[in-house]
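[1] pasting the structure only:
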């Protein structure tokens, strides 16, 4: 599997998405430092929101194969500058989170990620499981065996 680093502001759903990707029960956990999991690097939102900490994201991104820009569908603004993706030396995907929220506007978040330069964009709900298996399929490398390869009912049935 390709390793992904999740980047986004506080409250965008990075840790919740990490828990969903790991198949864990969703529970609130404030990320205070960069966490390395098997195929996921979970970063604190403060790193994306603070100029002096943002440089660390560039350094940690070298440990990943894919960079995931997260943007909540409930956001009123975006942190990502237009056309920022060409400055990155890794593949960048956009991930619109919290699409199940009542005040969600996933189309707006998707447009902001496109403006940043993301060509591949996933819309996910960590609580319902929608879009989770598509991220796994994207991170899949030849020879990887995913849970639903063994049990075709797997995650595809929860969406």
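    Okay, I see it. Being a predicted model, the structure only gives us computed values, none of them experimental.
[2] please, where are all the helices along the chain?
    14-21, 45-49, 51-61, 106-116, 132-139, 147-150 (DSSP state H).
[3] rank those helices by mean pLDDT and give me the bottom one.
    Note on the helices of the chain: lowest mean pLDDT is at helix 147-150, with a mean of 61.
[4] nearest to residue 89 among the helices of the chain would be which one?
    Nearest of the helices of the chain to residue 89, taken as Cβ to Cβ: helix 51-61 at 8.0 Å. (C-beta placed from N, C-alpha, C; glycine too.)
[5] and the closest one, how far out from the chain's middle?
    Its chain's C-alpha centre and that of helix 51-61 lie 17 Å apart, by Cα atoms, centre = their mean, to the nearest Å.
[6] same for that helix, what does it pack against?
    Helices and strands touching helix 51-61, by 3 or more Cβ pairs under 8 Å, 6 or more residues apart in numbering; DSSP states H and E, are strand 4-7, helix 45-49.
[7] just the ones you listed: most buried one?
    A comparison of the helices and strands packed on helix 51-61 by mean neighbour count, using mean count of other Cβ atoms under 10 Å, puts strand 4-7 on top with a mean of 25.
[8] for that one, give the mean pLDDT please.
    Confidence over strand 4-7 (mean pLDDT, whole number) is 94.
[9] again, but for stretch 95-104
    Per-region confidence: stretch 95-104 scores 96 on mean pLDDT.
[10] now the helices and strands packed on helix 51-61 as TSV including distance to residue 70?
    Below are these laid out as TSV (distance: least, Cβ to Cβ, whole Å):
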stretch	distance to residue 70
strand 4-7	6
helix 45-49	9
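[11] and of the ones you listed, who's closest to residue 129?
    Using Cβ to Cβ, these put strand 4-7 closest to residue 129, at 17.2 Å.
[12] helices or strands up against that closest one?
    Here strand 4-7 touches helix 14-21, strand 40-42, helix 51-61, strand 66-72, going by 3+ Cβ pairs under 8 Å, 6+ apart.
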